[in-house]
Structures are given as C-alpha cells and as structure tokens.
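S.K.: let's see this in three dimensions:
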Amino acid sequence: MEVPDLEEMISTPSKPYLYNKTWQEAKDDVVLVIHTSGSTGAPKPIYYTNKTMGFLDSAQLNPSIPGRTSPTCYTMIAKKKPFLSSTPFFHSSGICFGVYSIFCPATSVIGPPDAPPTGKMVVEIASKIELDGMIIVPSLCDAVFTEYKEEIRPFLGSVQHICWLGGM
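M.R.: Sure thing, here's the model as predicted:
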C-alpha cells in the first residue's frame, strides 16, 4: 500500500472511525509499532499497546518528593513554554515527546526537517527562542557543550532542564 503524502492526507475527508471498546477490551490492543535502531543487535519491531502507553504516561501520577526533582523528564517540561526536541520523530523518544507536546500542552521546538540537528543548529535555535528546556541525544549534547559552549552560554539563562537520552 502506498502511503499518500501529508497534503493529501490532511485535505481528504475521511469517514468517522468509531472506537467503542472499553479499557478491558482494548488494553492489550497494539496502537503503535516502532523499530529499534539495531544498536543491540538486528533491528526489531517494538509493539506498544494501550497498556504500555498508559504506563509511559503514569509517571506523572507519582507524588513529588520535597527537595527533589521528579525523575521523569515529562515533568521537567513546563506547560506552554518552549523546549528543544532534537530527537527524531521516528524514534520512540521523538514519538513520546511529540505526543506529549499535544497533550501537555507544551511547545516543542524542532529544527529544519531536511537536516539532522547539529551543535551549531542548537546554538542558533537557542539564540532566537528563549528555551525552557532541551531534550537532546548524548552525541549532540556533547557537541553543544564541548564545541559550542562559549557560543551557547549567553542563551542558557532561561533553560531549567536538559534531558539527554538515547545512544551515542
């Protein structure tokens, strides 16, 4: 099956899709399939069910501990404040933060779609947008704070959290 381009998908009316299952009926339904990168062996599909998605979101229900920062990066993202999301949308972290941006609501700032993020790009974004936080992969974090540390320093005053995740 050929997947239509985005313009065709959003401009073509669709029929209503009624989803009337109860939680008990739907909790084990697969709702998302992603693939690993293969960094731990051959790439393989990872199946996310409604129950899995609910578990991923449940960390926000944990009570806070006075004097400690919550262990979940989702609680570090302030509602309606911009955060840099440098993880790709085809990666599980990109999917999660993309969905989180919709339901939080948070303002996800992403770089140009035609190039992978670079340290220089992060500096450029930070110089134009007062970021509240950054979600960044380790190699990019290393580039930003090693190669561009002097350039980015003036733009870090508003940054509350930096979350790095993923492989090198």
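S.K.: span of stretch 102-113 from start to end?
M.R.: With C-alpha to C-alpha, to the nearest Å applied, stretch 102-113 spans 19 Å between its terminal residues.
S.K.: got the phi and psi for F103?
M.R.: As for F103, its main-chain torsions (degrees, to the nearest 10) stand at phi -90, psi -20.
S.K.: how near is it to E8?
M.R.: With distances taken as C-beta to C-beta, to the nearest Å, F103 is found 26 Å from E8. The way it works is simple: take the backbone N, C-alpha and C, and place the C-beta from them, glycine included.
S.K.: repeat that for Y19.
M.R.: Remark: distance between Y19 and E8 (C-beta to C-beta) = 24 Å.
S.K.: and L165, by the same measure?
M.R.: As judged by C-beta to C-beta, L165 and E8 stand 34 Å apart.
S.K.: could you do L156 as well?
M.R.: Using C-beta to C-beta, L156 is found at 42 Å from E8.
S.K.: quick one: which of those two has more around it?
M.R.: The neighbour comparison of L156 against E8 (other C-beta atoms under 10 Å) goes to L156, with 13 against 9.
S.K.: contacts only, for the more buried one.
M.R.: By C-beta atoms under 8 Å, 6 or more residues apart in numbering, L156 lies in contact with A126.
S.K.: how about the residue sitting nearest the centre point of the chain: what's its closest non-neighbour residue?
M.R.: For the chain, the residue whose C-alpha lies nearest the mean C-alpha position (C-alpha atoms, centre = their mean) is F97; its distance is 2.4 Å. Counting by C-beta to C-beta, 6 or more residues apart in numbering, S85 is the residue found nearest to F97 once chain neighbours are left out, at 4.9 Å.
S.K.: let me see the contact set for that neighbour.
M.R.: Applying C-beta under 8 Å, 6+ apart, one finds that S85 lies in contact with 94, 97-98, 101, 108-110, 135.
S.K.: list only buried entries from those.
M.R.: By neighbour count, with 16 or more other C-beta atoms under 10 Å, the contacts of S85 hold 94, 97, 101, 108-110, 135 as buried.
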